[in-house]
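Novice: Have a look at this prediction, sequence included:
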Amino acid sequence: MESNINTPKDINDTEKPLKLNGTTSGRVDINVLKSKLQKDESAELKKNILILSVLVLFLASLGIYLSL
């Protein structure tokens, strides 16, 4: 009775994960840069809206308090 047991030595070159041996050029995808910039700007906009709404709420409550 002979059984075929798979060992790491049985793996063919085509089954191994791809490894890039060459160096990459210094290029960056413009869409990746645009998405990162849009994400940062969105976070900053949310922060600014929050600060503005707190300021407006404070001024409104101060105005109501002073009018009484």
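Specialist: In hand now; what should we look at?
Novice: Give me the pLDDT value at Lys9.
Specialist: pLDDT recorded at Lys9 is 58.
Novice: now swap in Gln38 and tell me
Specialist: Reported pLDDT for Gln38: 96.
Novice: what about it, how many neighbours?
Specialist: Look at Gln38: counted by other C-beta atoms under 10 Å, it has 10 neighbours. Any C-beta I mention is one placed from the backbone N, CA and C, and that applies to glycine too.
Novice: Identify the residues contacting it.
Specialist: If you count contacts by C-beta atoms under 8 Å, 6 or more residues apart in numbering, Gln38 has none.
Novice: Buried residues, the stretch of helix or strand it belongs to. List them.
Specialist: In the assignment (DSSP states H and E), Gln38 maps to helix 30-67. Going by neighbour count (16 or more other C-beta atoms under 10 Å), nothing in helix 30-67 comes out as buried.
Novice: What distance do you get for Leu45 to Ile51?
Specialist: Using C-beta to C-beta, to the nearest Å, Leu45 is found at 11 Å from Ile51.
Novice: same deal with Lys36?
Specialist: For Lys36 relative to Ile51 (C-beta to C-beta), the value is 23 Å.
Novice: ditto for Leu62
Specialist: Distance of Leu62 to Ile51, given as C-beta to C-beta: 16 Å.
Novice: CA atoms of stretch 31-42 as CSV?
Specialist: This file holds the C-alpha atoms of stretch 31-42, laid out as CSV (Å, rounded to 0.1, in the frame of the first residue of the first chain):
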residue,chain,number,x,y,z
ASN,A,31,-7.0,57.5,-8.5
VAL,A,32,-5.4,56.3,-5.3
LEU,A,33,-4.1,59.8,-4.6
LYS,A,34,-7.5,61.3,-5.4
SER,A,35,-9.4,58.9,-3.1
LYS,A,36,-7.0,59.6,-0.2
LEU,A,37,-7.3,63.4,-0.7
GLN,A,38,-11.1,63.1,-0.9
LYS,A,39,-11.2,61.0,2.3
ASP,A,40,-9.1,63.6,4.1
GLU,A,41,-11.2,66.5,2.9
SER,A,42,-14.4,64.7,3.9
